[in-house]
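Engineer: Have a look at this prediction, sequence included:
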Amino acid sequence: MRGGDAAAAAEEGSPRSPDLHDLSDDSDYAAAAVATASDHTAMRTDSADAGSDETARIDVVYEKERVTIHPTQYGSARISGKLRLFLQQGSLFLSWEPNEGGGSLSTSSVTVEIDKYRNLYTIKALPLSDVRFIRRHTPTFGLDYIIIVLSSGLAFPPFYFYNGGIRELFATLKQHVFIIRSDDDPNVFLVNDFQDPLQKSLSSLELPGVASVANAMSRQNSLSFTGSVDETRHADDGSHGAASSMSQYSSKQKPKSNDPGRDLSIQVLEKFSLVTKFARDTTSSLFRDNIGSQAYRRQQHGYVLDNKASDKQKNQYITPEKDSIPSAPVESDPIPLVWGKQRDRPLSDEEWTTFLDPEGRVMDSKALRKKVFYGGIDHVLRKEVWKFLLGYHEYDSTYAEREYLTAMKRAEYEAIKSQWKSISATQAKRFTKFRERKGLIDKDVVRTDRSVPYYEGDENQNVVILRDILLTYSFYNFDLGYCQGMSDFLAPILYIMEDESESFWCFACLMERLGANFNRDQNGMHAQLLALSKLVEILDPPLHNYFRQNDCLNYFFCFRWVLIQFKREFSFEQILLLWEVLWTHYLSEHFHLYLCVAILKRYRQRIIGEQMDFDTLLKFINELSGQINLDRAIQDAEALCTIAGENGASCIPPGTPPSMPIETDGGLYVQQDEVL
Amino acid sequence: MASRRRMLLKVIILGDSGVGKTSLMNQYVNNKFSNQYKATIGADFLTKEVQIDDRLFTLQIWDTAGQERFQSLGVAFYRGADCCVLVYDVNVTKSFERLNNWREEFLIQASPSDPENFPFVVLGNKIDVDGGNSRTVSEKKAKAWCASKGNIPYFETSAKEGFNVEAAFECIARNAIKNEPEDDTYLPDTIDVGGAGRQQRSSGCEC
Ligand SMILES: Nc1nc2c(ncn2[C@@H]2O[C@H](COP(=O)(O)OP(=O)(O)OP(=O)(O)O)[C@@H](O)[C@H]2O)c(=O)[nH]1
Ligand SMILES: [Mg+2]
């Protein structure tokens, strides 16, 4: 058996070069993963019920003082601390804690800055299973240091060893975890704690501080593991690995919709992304300085290969003796991290009224958007709330103001509509552009959501209204005109609004943000696809590398996802929910891009494992339509969005749809070819 | 005897939005027609195993969006094409007039090694509509254009009725084979058969 081979190799400490193409054990793995996933849930529930005061024994196996972080490029600015390795419940953890009080800072101006971040760098308990590799640096001039790179691809800042001790560190590591030297770079040590794969996901539940964050980040990796489960049985949410067990746990703990735990976690994560940014900058510059980007790339490649090896290892550690698996380590002062929060209930009528003041103003629009982001909107309320989300109604408008606006806008709509309504048959004969535009719209409306009862059947009046609105819009925004995909956006809006003028204005608001998707030069699409590739680069380096090597970096296989915001990938009902979530712009205006990353990550294992080329990938992505678990994709995207923090935001240039476009004198829409 | 190794033939269908590209592809591959196909966004393809003169091929048929502003995407999809199918709607003059633009755009973006001889096939679709009474482009006019572009094979089709679709795609496949370089892509034991196929094609497929 393959797992046995791998185990033997691990015992002898002889690295076995894993075969990327060999997927013979995938189904085994999937089955095993399902088994453990449900175990997690069961156990998580148990220990939550039992209360959380059992404290596990800690065995310190390595300890080194004066292991120092340099938060800036200045050597004088440093935070000295203590690095430890300790065993808890049979698993190895790493911790780093800064010394109390004033560090050795020479300039007072940086002191403040650094103190602010002091605690951010603290690592309470990082399971070694979350570590991908450790690189040792022994520069000819200066101090030796190590860089710890997590499975997620993110790195901690370099640890400088003022008192030496790197050799002992690796010697100790060797005694407790499976660690091999990279073939490509003798200073890179690939680490993996195969002792207890279960431990890894459980420990990510409630370790406090930054370590929890690091743990949470490793979920990126577990995404791809559970992904293979997903693909083999297309099951519903239920019990997929740590992610769902975590959210089940957290929803148990925090049943209220207004969840302070969540905010806390986001805060921590956002701060952590600062650390990450620093670490990234420093790490990449160090890699450049010392070994060059070429070697770094090779390393990344090794990382991909190694992933596969770890899967094989996991196989054989899934043993039937569930009872002997120890329960989760519980810290003395746990901050429960709510992570990729489980979907909330939709905004209900009663709740909605609590958001409104007596005149009908939305008092706390942020809270409203948050609520909608996590739960969506009760169907009967959509008509009302969508108008706010889309920006047609101002949050601070009153009932009276909205009523007035509606009447005004109705008149305005009729006026615009009459512009084309009044074109006579003879006039149309001499008005090619109008005829062609109308012809295009006519062809598209009869191909839009016809299986939805609202648009079903011959001579359906709603299809005619679709046509009228689109044609009116193409006069309202003559420069942009009509483009395929617009009807996909309009159909759900009309279905909800059930009113021609209101639908038109809501659609027009949406197009203010998404018009660039349909621009002639396709600039909006190119900007988004580029941003997507940048996001994948920081959130899933192995996948990014795979795409790069296989000429897939144009991301055209995501074109449909992005152009019409997943309209073709989900059912009509699901789209109503997804869009209202996107329109909240709660975590990011570009949440849809994180959703792309989340879905790609889910299937990363298959994409890389099956060595998909561009064509195969495009087909694969197209065929995911109807197969994607929406709730989980949103949860995953939320996690990724939070992890990426400002690094993610910086991948997306200003003006990228659905951000408001940056206006120029030449008009918003480039006129290159014929206006259709 | 058919070779067990199948050769992949890549075919691109181009033409204005709504001329029936998706319908034609589905009629050919799945033998069905639906009024409810959605406008194509981005690109997709279907594959079909075909047997031409005792040899098996995998026809990979690419269907792209017809609206002009999506044309710039073509680069990613056109490369490596073995044959390009240009479709127009016999009831819409404009869609016929745009064939030249589609052809030229394809040659620019796909940049085949021998653009002069790159195989195209033209399909005039929807001949069923209104019993042919709403037709605005005559067969004669279409054939004249095809002749002027280096004798492009021409077919009149109805994706709805399934009329002439099979024949059109057989011709498309034969032309795609013709485009494949003769050397290493052919297995030794099939060279002769392939040669025979090409001869048959020139008599059976030219219009
Ligand atoms: N009567 C008739 N209708 C057809 C025929 N072929 C397609 N149609 C209809 O024409 C419309 C457009 O067909 P599609 O196959 O979607 O057109 P397309 O070329 O793929 O269009 P895009 O995807 O927008 O580029 C649909 O409503 C079809 O039902 C045909 O042979 N006869
Ligand atoms: Mg189509």
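Structural biologist: It's in. Ligands and ions are numbered 1, 2, ... in the order given.
Engineer: Pretty sure B:Ser134 sits against B:Asn91.
Structural biologist: Yes: if you go by C-beta atoms under 8 Å, B:Ser134 and B:Asn91 touch, sitting 4.8 Å apart. C-betas here are computed from N, CA, C, even on glycine.
Engineer: which of these two has more neighbours?
Structural biologist: Applying other C-beta atoms under 10 Å in any protein chain shown to B:Ser134 and B:Asn91 shows that B:Asn91 carries more neighbours, namely 20 against 11.
Engineer: Kindly provide the distance from that one to B:Asp53.
Structural biologist: According to C-beta to C-beta, to the nearest Å, B:Asn91 and B:Asp53 sit 36 Å apart.
Engineer: joint contacts of B:Ser134 and B:Asn91?
Structural biologist: Common neighbours of B:Ser134 and B:Asn91 are not found (criterion: C-beta atoms under 8 Å, 6 or more residues apart in numbering or on different chains).
Engineer: Tell me where the model's unsure across the chain.
Structural biologist: Since you didn't name a chain, this refers to chain A. A:1-56, A:71-77, A:101-120, A:139-143, A:152-154, A:193-340, A:663-676 (pLDDT under 70).
Engineer: actually chain B
Structural biologist: In the predicted model, chain B carries pLDDT under 70 at residues B:1-6, B:181-207.
Engineer: what residue is smack in the middle of it?
Structural biologist: Nearest residue to the geometric centre of chain B (C-alpha atoms, centre = their mean): B:Val85, 2.8 Å.
Engineer: now for the host helix or strand of that residue, which elements pack on it?
Structural biologist: In the assignment (DSSP states H and E), B:Val85 maps to strand B:83-89. Contact here means 3 or more C-beta pairs under 8 Å, 6 or more residues apart in numbering or on different chains; DSSP states H and E; on that basis strand B:83-89 packs against strand B:7-14, helix B:93-97, helix B:99-110, strand B:120-125, helix B:165-179.
Engineer: Near chain B, which residues of chain A are found?
Structural biologist: A:436, A:439-440, A:443-444, A:446-448, A:450-451, A:483-485, A:487-488, A:518-522, A:554, A:556, A:559-560, A:563-564, A:568, A:614-615, A:618-619, A:622, A:673-674, A:676 (C-beta under 8 Å from any C-beta of the partner chain).
Engineer: ok, stretch A:486-506 near ligand 1 or not?
Structural biologist: No: Stretch A:486-506 lies apart from ligand 1 when judged by C-beta under 6 Å from any ligand atom; the minimum separation is 10.7 Å.
Engineer: likewise stretch B:75-90?
Structural biologist: No: Stretch B:75-90 is not in contact with ligand 1 by C-beta under 6 Å from any ligand atom; minimum separation 6.6 Å.
Engineer: Now do that stretch: distance from first to last residue.
Structural biologist: Stretch B:75-90 has an end-to-end distance of 28 Å (C-alpha to C-alpha, to the nearest Å).
Engineer: wait, does that stretch contact ligand 2?
Structural biologist: No: Stretch B:75-90 lies out of reach of ligand 2 by C-beta under 5 Å from the ion, never closer than 10.0 Å.
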